[in-house]
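> Provided below for reference: sequence and predicted model.
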Amino acid sequence: MITISIALLFSVVRDDVSAFRSTILQQPLQKSQRILRNTAIDIAEETARDIASFQEWASYGGIQTANGFQLVGEELDGYLDVSAMTTQAISVDSTVVYVPNDMILSSSSAMNEFGQLKEAEELLSNNGYQSEIRQYYLMLKILVELEKGVDSVWFHYLNSLPRYYSNGASMTLFCYTCIPPLLATLCKDERARLNNLSVKRVVPFLSNEIKGDAKLWMWAYQVVYTRGVEGSNGDYHICPMIDYLNHGTETEVWVTYDDSGNCYAQALKDIPVNSPIRMSYGDPTNPSFLLARYGFLDKSSPATFCKILPSHISEEMKNLGYAHNRMLFYKDTGDLSEEVWDILLYTVLGQTDPAIQQQFYQAHMNEDYSTKQYIHEQYFHLTVAELIDHIDTFLDDLDKLERKGEYGANASADEHPRLPLLLRHNQFVRDTFLTVRSNYVP
């Protein structure tokens, strides 16, 4: 693992910064010794990322960072990951990053620029992706700017972004067969979303070359879905520089907007020197979603879904708390969430004593916790047996997935380069399950 300093930050100390920012967004950057304009954006996975030119572009455009904010690079699976760290302490409530409204890529601005694409929106809605229309317009904006190449005002930002991704949309079909069912389903959902959002024929302002390049559409999708966040007033945003903050279970900043649409990353606490600067990408107890959407394994996640997948999930089970974000095994302690115990007992009682099962369910619905606890105690030995059986069955399935994944990684690393990450995910799950098991089996 290699950590390197990427570039020095550029301070924006000028009286005419607003006028300068307006100018930079109206025309491309001029040639300079440090910002070169003689190459278009290459999205090949092995292409180097130009972080230094991005930082200068950001500074010229009015993006400001706190003293002590620095971008650093880390090699992960052979590719550069860039994130933010402190070089000096940052105080609570400080503005860590400021991004002016006109330096934000937004879905509403893209809609205003292109006009409403009714046929495309109808296709998305008919296929069940009406909620993704904002992201679709932002994808089109990325593609339009890619087509402009060095003439795009966003060139230096786009040229700084990753080319290699490890999320569900980027995986091979073989990858899906090497991971547990829930993660595989989430990854396939990402691929299906990409396919459905690749609505090309009804976009009049894209060239046929762009329309026909599936790799460009995938890259635009990756940029939007891995770097976009919910913005102000129902908008969907990509905020350059803030999008370089990694995810953390423990977060150092939160993102907010002022009435003018300017974006701020504010310090939630005092951030010591040499610390990561992180924000939340989603529920930290759902590492499967984070991997499927963003392509990283969150080892800081305190818990993971217990992988209990009944063939039928009844309304009673939902009322008892069956949900992927509530049925949790805790990584460090081996504890189970209350919902896991309740569903396990409900399942056991359905097999042994349906009358007691209904008594247990009614006690839950009536918030009669003393009755619930009494039934739990009477059937605890059966509940634990059900738990251990589930864990052992799942661990056996993981063994099979690991053998398959290792064979794929060794036999065709070039074809399936994301398999090492997936194997690390499977090991993370295995370790969690073994920790839980050790609490109940000597």
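Arrived safely.
> Name the nearest residue to residue 336, sequence neighbours excluded.
Nearest residue to residue 336, sequence neighbours excluded (Cβ to Cβ, 6 or more residues apart in numbering): residue 329, at 6.2 Å. All C-beta spots, glycine's among them, are computed from the backbone N, C-alpha and C.
> what helices or strands is the host helix or strand of the one you found leaning on?
According to DSSP states H and E, residue 329 maps onto strand 328-330. Packed against strand 328-330 by the contact rule (3 or more Cβ pairs under 8 Å, 6 or more residues apart in numbering; DSSP states H and E) you find strand 303-305, helix 338-352, helix 419-438.
> Could you dump these into TSV and include distance to residue 147 and mean neighbour count?
Listed next are those as TSV, based on distance: least, Cβ to Cβ, whole Å; neighbours: other Cβ atoms under 10 Å:
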stretch	distance to residue 147	mean neighbour count
strand 303-305	41	24
helix 338-352	49	19
helix 419-438	32	18
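> In terms of pLDDT, where does residue 234 sit?
Looking at residue 234, its pLDDT reads 88.
> how close does it get to residue 173?
Here the criterion is Cβ to Cβ, to the nearest Å. By it, residue 234 lies 36 Å from residue 173.
> Same question for residue 159.
31 Å.
> Quick check: buried residues in stretch 390-399?
390, 391, 394, 398 (16 or more other Cβ atoms under 10 Å).
> ditto for stretch 268-284
Neighbour-count burial for stretch 268-284, counted by 16+ other Cβ under 10 Å, picks out 268, 271, 275, 276, 277, 278, 279, 281, 284.
> follow-up on the earlier one: can you list the helices and strands packed on strand 328-330 in JSON lines and add distance to residue 319 and mean pLDDT?
Listed next are those as JSON lines, based on distance: least, Cβ to Cβ, whole Å; pLDDT from 0 to 100:
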{"stretch": "strand 303-305", "distance to residue 319": "19", "mean pLDDT": "93"}
{"stretch": "helix 338-352", "distance to residue 319": "10", "mean pLDDT": "96"}
{"stretch": "helix 419-438", "distance to residue 319": "25", "mean pLDDT": "94"}
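> Nearest to residue 41 among the ones you listed would be which one?
helix 419-438 (25.3 Å; Cβ to Cβ).
> Point out the other helices and strands that the closest one packs with.
helix 287-294, strand 303-305, strand 328-330, helix 380-411.
> so which of these comes closest to residue 343?
Nearest to residue 343, of the helices and strands packed on helix 419-438 and by Cβ to Cβ, is helix 380-411 at 9.7 Å.
> State the mean pLDDT of that closest one.
88.
> and the angle from it to helix 338-352?
Angle, helix 380-411 to helix 338-352, by axes from the mean of the first three to the mean of the last three Cα atoms, to 10 degrees: 110 degrees.
> so helix 380-411 versus helix 419-438, what angle?
160 degrees.
> For residue 242, give its distance to residue 109.
17 Å.
> more neighbours, those two?
Per other Cβ atoms under 10 Å, whichever of residue 242 and residue 109 has more neighbours is residue 242, with 25 against 18.
> All the strands of the protein, residue numbers only.
3-5, 64-65, 69-76, 79-86, 95-99, 105-106, 229-230, 236-238, 246-247, 253-257, 263-267, 278-279, 303-305, 328-330 (DSSP state E).
> Would you agree residue 321 is in contact with residue 327?
Yes - the criterion here is Cβ atoms under 8 Å, and residue 321 meets it with residue 327 at 7.4 Å.
> Residue 159 and residue 173: which has the busier surroundings?
Taking other Cβ under 10 Å, residue 159 and residue 173 do not tie; residue 159 has more neighbours (24 against 9).
> ok, for the more buried one, nearest residue in space, not its chain neighbours?
Nearest non-adjacent residue to residue 159 (Cβ to Cβ, 6+ apart): residue 50, at 4.9 Å.
> Isn't the one you found up against residue 155?
No - Residue 50 is not in contact with residue 155 according to Cβ under 8 Å; the separation is 9.6 Å.
> Where does pLDDT dip in the chain?
1-39, 408-413 (pLDDT under 70).
> got a list of what the residue most central in space within it touches?
Nearest to the mean C-alpha position of the chain, counting by Cα atoms, centre = their mean, stands residue 294 at 3.4 Å. For residue 294, the contact set (Cβ atoms under 8 Å, 6 or more residues apart in numbering) comprises 167, 226, 247, 281.
> which pair in those residues spans the largest distance?
Maximum distance among the contacts of residue 294 (Cβ to Cβ): 12.8 Å, for 167 and 247.
> Need the nearest residue in space to residue 279, chain neighbours excluded.
Closest to residue 279 by Cβ to Cβ, 6+ apart is residue 245, at 4.7 Å.
> could you measure the one you found against residue 100, distance?
17 Å.
> got it, and residue 84?
With Cβ to Cβ as the criterion, residue 84 and residue 100 are 19 Å apart.
> who has more neighbours, the two?
residue 84 (24 against 20).
> how near is the more buried one to residue 278?
Applying Cβ to Cβ, the value for residue 84 to residue 278 is 8 Å.
> And residue 230, by the same measure?
18 Å.
> What of residue 327?
Distance from residue 327 to residue 278, by Cβ to Cβ: 26 Å.
> With residue 245 instead?
From residue 245 to residue 278 the distance is 6 Å (Cβ to Cβ).
> Quick check: neighbours shared by these two?
Shared contacts of residue 245 and residue 278 (Cβ under 8 Å, 6+ apart): residue 253.
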